[in-house]
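**Q** The following comprises the amino acid sequence and a computationally predicted model.
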Amino acid sequence: MGTMLYSKGIYLNRCYDSLNLESAPLIEGIHTEYLQAGCELLETNTFGANRQRLKSHGLEKQVADVNRAGVEIARSAIDKFSQKSLKTAWIGGSMGPLGINSEPFGAIRHEEAISIFEEQAEALEEANVDVFMVETFTHLRQLEAAVVAVRRVNQTKPIVALMTVNDEGTSLMHESPETMLAEMNSLPVDVIGLNCSTGPSIILDVVEIFRTRTSKMLAAFPNAGVPRQVGGRYIYLSTPEYFGSFTKKFATLGVNLIGGCCGTTPTHMRRARDAILASGHSAKSSAKIEITAPSSRPVEVVPIESRSRLAAKLSRGEFAVSVEIDPPKGTAFSKAMDAAKICKEAGIDCINIADGPRASARMNPMSMAVILERDLGIETIIHYCCRDRNLLGMQSDLLGAFALGLRNVLIITGDPPKLGDYPEAASVFDVDSIGLTRIVHRLNRGMDIAGNTIGKPTSFFQGVGCNPGSLNFSEEMDRLQKKIEAGAEYVMTQPVYDHSTFEKFLRGYKKLGTQLPLLIGICPLASYRNAEFLHNEVPGMQIPDEILKRMARPETQDLQRAEGIKIAQEALKEFRTEVQGTYIMPPFNRADIALAVVEVLH
């Protein structure tokens, strides 16, 4: 449907699903072309018609209207065509993924995902689809949510459940064919299989694995190869004849439901129909089926107190102190090394290393951490943000960090590039800090992103951040709750200046019912100008008017710096007994300022 709409001049930035309401004759005409090609099942133009996807177009309140219209248009096309040819076809209610990661990779909870899918399924059921097409899913947990949603709406209608795979034959979250099949076998669906992907060849390879290990009916809906950009338009170069040849292979293998996804025009489907007729429907029914559950060995998880010196200290209930030192913007490392050495000699427990703070390009925090731990023997906490890496890069980085001996990690979402030195840079954000926390939790249990075994588990001591002064306090606490549920093991706050704000946060933190160590963030102000900058130009930083006035009173910068240290000492001293540690963020990597602040602890 998307390919046909694009070929008819509908731009990619349009909401294709809303065309059910705006251009019904156009959608009906496309359905009719496929009926004329011999198709016996039409998918509704509702692939993205769930609340989450429609929200990006401001149409989240039109879920029911868009889906009902999609079914009505398909039915109108079938009724008109049947009057002329005495032939009928079925209607498949298309339900695609949310377009955003849900648990275990994203912030959307499983039950919330089910609710979103259920709303769409209800509309399709009210319009009386013949079958539910749950298609193009990139990971199993979200597929499961869609199936659960459909079964809440209707317990008996057929469901076709389709995953998509990459060139390696795994899901986009790298779940293996065996893992996918084991889960799909357990779902209350009638047909399982694959769609989309990079073309029929890879789908055939994976379907061959499926065929011998499932008694369910199989479906294959491949793309027409990989699109190429030609003259500013995306064109699928694989020929209909090529697609038809693979249709015969699918039928011979024993696939029960054969169709096409992206790039498969009515001409492609006509060739597919011809190939099916030529095969005489002689699908193999004697394939030996061996349904086996994936084996799993028990994994010995490293106890938290054994993961790092910081973890051990916090586990004993002792107060821990960390100082944040930003990596250099170039290769000159001596200033950062000197600051860390001063902290080490003063008995500071560890060094925090930010990851591209304020979206600026700096030395990789892992590289800096390895140097500090190797040359100074001081433990580090590496910040790891989701902004710059996709899921594969994240897992590769984390496995490499562990192999290099790094154990403490702080998971953060990261500032968007528009806040930094390179606003034109693209961000990734495959997952947010909640999803990445789950990923690290899995690695610590010997599983990769997709749940496949990695052998010996990692033993990261993983923390998460939170902002006590968030303008949306309830949302901040809800996200913190999700981070804790995802596997967080300690919590570090944004800088605190307003005592009443932090007291409110402490009350909320206690209501979460968690015993995780809490480390308060302290950022000494270097001057009144520094305070103004942080308050007005750094997201998440709110400095109370009283503090700004205190910083403005001293006449010289030296006196203002002394006042900033005093303010930081007061906050640390007041909440010393309410937290299990602190991390000091001195201005300009000034270790002497950090040490002056922590003097109140002695």
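**A** Sure thing, it's come through.
**Q** What sits closest to residue 161 if chain neighbours are left out?
**A** Nearest non-adjacent residue to residue 161, counting by CB to CB, 6 or more residues apart in numbering: residue 189, 4.4 Å away. All C-beta spots, glycine's among them, are computed from the backbone N, C-alpha and C.
**Q** Quick check: the gap between that neighbour and residue 394.
**A** Separation of residue 189 from residue 394 (CB to CB, to the nearest Å): 31 Å.
**Q** spatially speaking, which residue is in the middle of this structure?
**A** The residue lying closest to the centre of the chain (CA atoms, centre = their mean) is residue 431, at 2.8 Å.
**Q** how about it, what does it touch?
**A** 101, 105-106, 386, 391, 394, 439 (CB atoms under 8 Å, 6 or more residues apart in numbering).
**Q** and if you look at residue 72?
**A** So residue 72 contacts residue 127 (CB under 8 Å, 6+ apart).
**Q** three-state assignment of it?
**A** Recorded secondary structure, residue 72: helix (DSSP: H, G, I helix; E, B strand; the rest coil).
**Q** Tell me where the stretch 1-150 of the chain has helices.
**A** Residue ranges of the helices in the stretch 1-150 of the chain, as given by DSSP state H, counting those that start in this stretch, are 2-7, 19-22, 24-36, 51-55, 63-85, 110-126, 140-153.
**Q** So which elements touch the first one?
**A** Translated: helix 2-7. Applying 3 or more CB pairs under 8 Å, 6 or more residues apart in numbering; DSSP states H and E, one finds that helix 2-7 contacts helix 24-36, strand 233-236.
**Q** so which of these is the most packed in?
**A** helix 24-36 (a mean of 19; mean count of other CB atoms under 10 Å).
**Q** rewinding a little: as TSV, the helices and strands packed on helix 2-7 with distance to residue 467 and mean pLDDT would be great.
**A** Supplementary listing: the helices and strands packed on helix 2-7 in TSV, determined by distance: least, CB to CB, whole Å; pLDDT from 0 to 100:
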stretch	distance to residue 467	mean pLDDT
helix 24-36	46	96
strand 233-236	41	62
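**Q** Now tabulate the ones you listed in a markdown table and tack on distance to residue 252.
**A** Shown next, in a markdown table, are those (distance: least, CB to CB, whole Å):
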| stretch | distance to residue 252 |
| --- | --- |
| helix 24-36 | 24 |
| strand 233-236 | 24 |
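**Q** Now flag whichever of the contacts of residue 431 is closest to residue 575.
**A** The closest of the contacts of residue 431 to residue 575 turns out to be residue 386 (CB to CB; 28.9 Å).
**Q** Surely the closest one is in contact with residue 432?
**A** Yes - using CB atoms under 8 Å, residue 386 is in contact with residue 432, at 5.7 Å.
**Q** shared neighbours of these two, which are they?
**A** residue 413.
**Q** looking at this, residue 300 is in a strand?
**A** No - using three-state DSSP, the assignment for residue 300 is coil, not a strand.
**Q** farthest-separated two in the contacts of residue 431?
**A** That would be 106 and 394, which, of these, are the farthest apart (CB to CB) at 13.2 Å.
**Q** that older thread, for the residue nearest to residue 161, grab phi and psi.
**A** Main-chain torsions, residue 189, degrees, to the nearest 10: phi -120, psi 160.
**Q** What pLDDT does the model give it?
**A** The model reports residue 189 with a pLDDT of 97.
**Q** can you check the one 10 residues further on too?
**A** With respect to pLDDT, residue 199 scores 85.
**Q** can I assume residue 561 is in contact with residue 531?
**A** No - under the criterion of CB under 8 Å, residue 561 makes no contact with residue 531, lying 11.0 Å away.
**Q** Spit out the residues that contact the two alike.
**A** Contacts common to residue 561 and residue 531, judged by CB under 8 Å, 6+ apart, are residue 525.
**Q** and those two? which has more neighbours close in?
**A** Each of residue 561 and residue 531 has its neighbours counted (other CB atoms under 10 Å); residue 531 has more, 25 against 21.
**Q** residues in contact with the helix or strand harbouring the more buried one?
**A** Using DSSP states H and E, residue 531 sits within helix 528-537. Residues outside helix 528-537 that contact it (CB under 8 Å, 6+ apart): 523, 525, 541-543, 547-548, 551-552, 560, 564, 587.
**Q** Take the residues you listed and keep only those in helices.
**A** 547-548, 551-552, 560, 564 (DSSP state H).
**Q** Please, a PyMOL command that selects the buried ones among those residues?
**A** A single PyMOL command is used to select the members of the ones in helices among the contacts of helix 528-537 judged buried by 16 or more other CB atoms under 10 Å:
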select buried, resi 547+551+560+564
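**Q** would you turn the ones in helices among the contacts of helix 528-537 into a markdown table with distance to residue 579?
**A** Formatted as a markdown table, those follow (distance: CB to CB, whole Å):
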| residue | distance to residue 579 |
| --- | --- |
| 547 | 20 |
| 548 | 25 |
| 551 | 24 |
| 552 | 29 |
| 560 | 27 |
| 564 | 20 |
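**Q** Run through the residues that contact the closest residue to residue 564 other than its chain neighbours.
**A** In this structure, residue 564 finds its nearest non-sequential neighbour in residue 525, 3.4 Å apart by CB to CB, 6+ apart. Contacts of residue 525 were listed using CB under 8 Å, 6+ apart, and they are 531, 534, 543, 547, 551, 560-561, 563-564, 567-568, 587.
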